[in-house]
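Undergrad: Sequence and predicted structure below; questions after.
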Amino acid sequence: GNEAYGRADYAAAEESYSAALRADAAELLTPVLRGNRAQARLRAGVPVRALQDVEAALALDATSTRLLLRRAACNLALERGEEAEADYRAALALDPECEA
């Protein structure tokens, strides 16, 4: 997934992350994989599906600054400024050094 994402092949990255999610029976990597798939979907111009992924990831890892920033980006893409601002504030509360 990461290699495809690096080539800006977001469809291939999404499929790779989806395959990895299916293989992650113990769900040890699920938050990371969903976060990565969300980013690929966001870059592919599918912010609603990206938001669904990042919401599911945050349900498993609510204190992830990276996931909060991804949700903020999804909210911005969906023109939901207040929600994006709340995510940025939550990320900064967790990590004042983060680049929000």
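TA: Nice, thanks for sending it over.
Undergrad: Point to the residue nearest the middle of this protein.
TA: Gly35 (3.2 Å; C-alpha atoms, centre = their mean).
Undergrad: And for the helix or strand containing it, what's in contact with it?
TA: Assigned by DSSP states H and E, Gly35 falls within helix 30-43. Contact with helix 30-43 is made by 1-2, 4-5, 8, 10, 13-14, 17-18, 20-21, 24, 47, 49-51, 53-54, 56-58, 60-61, 64, 66-67, 70, 73-74, 77, as judged by C-beta atoms under 8 Å, 6 or more residues apart in numbering. In this view, the C-beta of every residue, glycine as well, is placed from N, C-alpha and C.
Undergrad: Buried ones in that helix, by neighbour count?
TA: Neighbour counts over helix 30-43 (16 or more other C-beta atoms under 10 Å) mark 30-43 as buried.
Undergrad: Run the chain-centre distance for stretch 5-17.
TA: Between the centre of stretch 5-17 and the centre of its chain there are 14 Å (C-alpha atoms, centre = their mean, to the nearest Å).
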